[in-house]
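Peer 1: pasting a predicted model and its sequence here:
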Amino acid sequence: MAAGGGDESHLRSVLLEAFGDSSDSESDAPAGIGGKRWRWEAVAEIRGLWLCADFLSADEQARLLAAIQREGWFSDAHNQAMRFGDLPSWAVELSALIREAICVGDVNVRVDVELTNEDEDSCPLPSDLLWREPLFDQLIANRYKPGEGICAHVDLMRFDDGIAIVSLESACVMHFSQVKPGGGTACDILKQGDIESMKVPVHLNPGSLVLMSGDARYLWKHEINRKPGAQLWDGRELEQGCRSSVTLRKLLASPN
Ligand SMILES: O=C(O)CCC(=O)C(=O)O
Ligand SMILES: [Fe+2]
């Protein structure tokens, strides 16, 4: 990870492209500029799962939400949109910003695991994924009403490793559960309560970015259960409003 902040003029031009001119207000200063730095947290229990809670400022979130709304994808009947190949310019720029945040952000290195491959465990995305072109070529925008969420799943294998999720509006808890709890043995004797207690909760505040690669992408399912009682964080139930998210992925080359 670069400690020195990266190429700020390039970053500024990326941000201006993505979110418009923000020079009229101090509070518009985007992450990575003017001393503010991105901070990455490794989720200790899950290799390859990283959270950048301060990825987008409040102003950037509002601009991103407005850009999504301008697409006109959502109505009462439609709460999900997918795009493949050429992504809207805001999504291209969002991808560039994700790469910047990975390159210049501060990393809280894991101290809980024995590092076998230091580079892999101390970077939010392995370098072969970080520098692929394009970084992402598929997006899903989801809009969830209060109470709505997404069932436990592993993203389809047609997508490459290295998946990003940007959260907007209402905060939520995303739960991760192992595809094969207990290493694939004795699965049938695990009680529901055991399975629930083995879930790893991750708090997704608005403006946060989650990266999943390796184990997190292939060996763990993720879900958002916004039914009453399921959104507990710090012993309190999170207030459920509307939530939007943008998931960015890379399609694997189709076999000919
Ligand atoms: O909405 C989210 O935060 C997650 C979406 C997701 O997991 C997916 O679209 O595969
Ligand atoms: Fe997913």
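Peer 2: Great, that's in hand. Ligands and ions are numbered 1, 2, ... in the order given.
Peer 1: surely residue 147 is within a strand?
Peer 2: No. Counting by DSSP: H, G, I helix; E, B strand; the rest coil, residue 147 falls outside a strand, being coil.
Peer 1: since we're on the nearest residue to residue 175 once chain neighbours are set aside, how many residues are nearby?
Peer 2: The spatially closest residue to residue 175, leaving aside those adjacent along the chain, is residue 199, at 4.4 Å (Cβ to Cβ, 6 or more residues apart in numbering). The C-beta positions use only the backbone N, C-alpha and C, and glycine is treated the same way. When neighbours are defined as other Cβ atoms under 10 Å, residue 199 has 20 of them.
Peer 1: wait, isn't residue 181 in contact with residue 198?
Peer 2: Yes. Assessed by Cβ atoms under 8 Å, residue 181 is found in contact with residue 198 at 5.7 Å.
Peer 1: now this structure against ligand 1: closest residue?
Peer 2: Going by Cβ to the nearest ligand atom, ligand 1 is nearest to residue 245 of the chain, at 3.4 Å.
Peer 1: so what's residue 170 up against?
Peer 2: Residue 170 sits next to 144, 146, 206, 238-243 when contact means Cβ atoms under 8 Å, 6 or more residues apart in numbering.
Peer 1: ok, which pair from these is furthest apart?
Peer 2: Farthest-apart pair in those is 146 and 206; separation 14.7 Å (Cβ to Cβ).
Peer 1: neighbour count winner among the two?
Peer 2: Between residue 146 and residue 206, counting by other Cβ under 10 Å, residue 206 is the more crowded of the two (21 against 11).
Peer 1: I am finished for the moment; much appreciated.
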